[in-house]
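In: Kindly return the folded structure for what I paste below:
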Amino acid sequence: MSIEPDILKGVVRNGVIEFQAPYLLPDGTEVEFVVTQHVFTAEEQAEFEFWDKLSDEAFQMVLDLEQEKEDAHR
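Out: Prediction:
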């Protein structure tokens, strides 16, 4: 016999999970949280879009420049 797990839905606000409905779970109940969606800030999303636009060649040039700076400081 298999028992299907309950799925408790909620969102994180200020680092705390707020469930969509009140759930009373007894002490000792084992839980596992799975992040199903990460919401990026507008700044994070803009940065992802910027890097997506760069070609592999341009990205490699950026990496090469960073390496040159590191080598110069040694």
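In: Every contact and neighbour count from this point should use C-alpha atoms.
Out: Will do.
In: Glu18 looks like it's in a helix, true?
Out: No - if the criterion is DSSP: H, G, I helix; E, B strand; the rest coil, then Glu18 is strand and not within a helix.
In: Please export the C-alpha coordinates of stretch 60-74 as CSV.
Out: Once side chains and other backbone atoms are set aside, the C-alpha atoms of stretch 60-74 remain, and they are given as CSV (Å, rounded to 0.1, in the frame of the first residue of the first chain):
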residue,chain,number,x,y,z
GLN,A,60,35.1,34.2,-24.5
MET,A,61,36.6,37.7,-25.1
VAL,A,62,35.3,38.8,-21.7
LEU,A,63,36.7,35.7,-20.0
ASP,A,64,40.1,36.3,-21.7
LEU,A,65,40.2,39.9,-20.5
GLU,A,66,39.4,38.9,-17.0
GLN,A,67,42.2,36.3,-17.1
GLU,A,68,44.6,38.9,-18.4
LYS,A,69,43.7,41.2,-15.5
GLU,A,70,44.3,38.4,-13.0
ASP,A,71,47.6,37.5,-14.7
ALA,A,72,48.8,41.1,-14.6
HIS,A,73,48.1,41.3,-10.8
ARG,A,74,50.4,38.3,-10.1
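In: neighbouring contacts of that stretch?
Out: Surrounding stretch 60-74, not a single residue is in contact under the criterion CA atoms under 8 Å, 6 or more residues apart in numbering.
In: How far does it sit from its chain's centre?
Out: Remark: stretch 60-74 is offset 28 Å from the chain centroid, using CA atoms, centre = their mean, to the nearest Å.
In: Now do the buried residues in the longest helix along the chain.
Out: Among all segments of the chain classified by DSSP state H, the helix with the greatest residue count is helix 56-72. Counting neighbours by 16 or more other CA atoms under 10 Å, one finds that helix 56-72 has no buried residues.
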